[in-house]
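Asks: no FASTA, just this:
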């Protein structure tokens, strides 16, 4: 059977729905090439952090001002470029290198929370050849004086600002903690987002009780984390204009298939690639083809959204009725 795994994402034609999410696996051209050889359909480069813009500006200023009080000739000093940590410049070089080495789409990523530098970087990333741009919005609203409406407006304004600056497709990677996620995601779509990536994993710190320190930690995802993402994509499918992508908890071929049936256009993977390497992509694609053959599916498009809330035989399974049913079914022995 000739199986068709092709899908589209933000207007990009992809050979299959498996995308390498932003992670250290995508930080070198050699690794990206191995991912492409294994069958990955697109890659998201590691994020350039908003703080790097500030670091670049501060370092350049410091270098330009160094020695200006020493003697007149010092006013003509220029910094040696290797001494300046020009994060954005190196990042754009990485975009250009990846585009030159790969035939699959290369998506640039920016991690931040404010408009500072975003528009400039978006334009530069587009000029460097990025196939699309992913805004990884990592914002913790810790100020108790800020209402939820202001938090949401911050996201919408940011998307609208970047959208006005570039023509390449724009994805927005967001967290799940909003009072009405569907409403916000529709606003983001209306503001110009071509895709919504669900969900950003906000890393939680640990406490070192002996040293009385807050310790940053990174924990790789597990397949159990996929459930929340499947639920929200299934409820949103067909209700907002932007494409939907799932990231977090995608480890197996069955996970990718579940993402498609919920209504996602692509399934993004990071933790599983870090654990198993690029060759895991080949295994997953093989498992997908095997399952499709056994279950008489001819294409990925055929299954996309078949378990979304709009077409599911039991729409209440996504909402409160199913919650009551699950609790009622749990029994204790003894």
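Replies: That came through, no problem. If you're wondering where the values come from, they're calculated on a predicted model, not measured in any experiment. Numbers count the residues shown, from 1 in each chain.

Asks: was I right about residue 39 contacting residue 19?
Replies: No: with contact defined as C-beta atoms under 8 Å, residue 39 does not count as touching residue 19 (11.4 Å). Glycine gets a C-beta too; all of them are placed from N, C-alpha and C.

Asks: which of these two has more residues huddled nearby?
Replies: Taking other C-beta atoms under 10 Å, residue 39 and residue 19 do not tie; residue 19 has more neighbours (29 against 19).

Asks: that one is in what secondary structure piece?
Replies: strand 18-20 (DSSP states H and E).

Asks: mind giving me the packing neighbours of that strand?
Replies: strand 42-44, strand 266-269, helix 279-294 (3 or more C-beta pairs under 8 Å, 6 or more residues apart in numbering; DSSP states H and E).

Asks: which strands or helices does the following helix or strand past the second one pack on?
Replies: The one in question is strand 266-269. As assigned by DSSP H and E, the chain's next helix or strand after strand 266-269 is helix 271-276. In terms of contacts (3+ C-beta pairs under 8 Å, 6+ apart), helix 271-276 is packed against helix 279-294.

Asks: just how off-centre is the helix it packs on within its chain?
Replies: Here the centre of helix 279-294 is set off from its chain's centre by 23 Å, with C-alpha atoms, centre = their mean, to the nearest Å.

Asks: who touches that helix?
Replies: Applying C-beta atoms under 8 Å, 6 or more residues apart in numbering, the contact partners of helix 279-294 are 1, 3, 5, 16, 18, 20, 35, 38-40, 252-254, 256-257, 269, 272-273, 276, 297-298.

Asks: buried residues in it, which are they?
Replies: 280, 281, 284, 285, 287, 288, 289, 292 (16 or more other C-beta atoms under 10 Å).

Asks: find the nearest non-adjacent residue to the second one, please.
Replies: In space, residue 281 comes closest to residue 38 once its chain neighbours are excluded; the distance is 3.9 Å by C-beta to C-beta, 6 or more residues apart in numbering.

Asks: and residue 93, that one's in a helix?
Replies: Yes: the assignment for residue 93 by DSSP: H, G, I helix; E, B strand; the rest coil puts it in a helix.

Asks: which residues touch the closest residue to it other than its chain neighbours?
Replies: With sequence-adjacent residues excluded and distances taken as C-beta to C-beta, 6+ apart, residue 93 is closest to residue 128, at 7.9 Å. Residue 128 sits next to 92, 93, 95, 96, 99, 108 when contact means C-beta under 8 Å, 6+ apart.

Asks: likewise residue 160?
Replies: Residue 160 sits next to 191, 192 when contact means C-beta under 8 Å, 6+ apart.

Asks: same deal with residue 218?
Replies: Taking C-beta under 8 Å, 6+ apart, we find residue 218 in contact with residue 203.

Asks: what ranges of the stretch 51-200 of the chain fall below the confidence cut-off?
Replies: 51-87, 113-114, 116-117 (pLDDT under 70).

Asks: before we move on, back to that, could you identify the most distant pair in the contacts of residue 128?
Replies: Based on C-beta to C-beta, the longest span within these runs between 93 and 108 and measures 11.9 Å.

Asks: stretch 267-282: how far from the chain's middle?
Replies: That offset, for stretch 267-282, works out to 15 Å (C-alpha atoms, centre = their mean).

Asks: next one: stretch 25-37
Replies: 17 Å.

Asks: what residues does that stretch touch?
Replies: 20, 43-46, 94, 97-98, 101-104, 106, 270, 273-274, 278, 281.

Asks: show me which residues of it are buried.
Replies: Across stretch 25-37, burial judged by 16+ other C-beta under 10 Å covers 25, 26, 31, 32, 34, 35, 36.

Asks: mind putting the residues you listed in a markdown table, pLDDT, distance to residue 145 and secondary structure included?
Replies: Listed next are these as a markdown table, based on pLDDT from 0 to 100; distance: C-beta to C-beta, whole Å; DSSP: H, G, I helix; E, B strand; the rest coil:
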| residue | pLDDT | distance to residue 145 | secondary structure |
| --- | --- | --- | --- |
| 25 | 96 | 40 | helix |
| 26 | 96 | 38 | helix |
| 31 | 97 | 44 | helix |
| 32 | 98 | 44 | helix |
| 34 | 98 | 49 | helix |
| 35 | 98 | 45 | helix |
| 36 | 98 | 48 | helix |
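
Asks: which two among those residues are spaced furthest apart?
Replies: 25 and 36 (12.3 Å).

Asks: the strand holding residue 19 pairs with which strands?
Replies: In the sheet, strand 18-20 lines up against strand 42-44 (parallel), strand 266-269 (parallel) (DSSP bridges).

Asks: pLDDT (mean, whole number) over it?
Replies: Strand 18-20 shows a mean pLDDT of 98.

Asks: what lies in contact with it?
Replies: The contact list for strand 18-20, computed with C-beta under 8 Å, 6+ apart, reads 9, 26, 32, 35, 39-44, 107, 245, 256, 266-270, 273, 281, 284-285.

Asks: returning to that earlier point: filter the contacts of stretch 25-37 down to the buried ones.
Replies: By 16+ other C-beta under 10 Å, these give 20, 43-46, 94, 97-98, 102, 104, 106, 270, 273, 278, 281 as buried.
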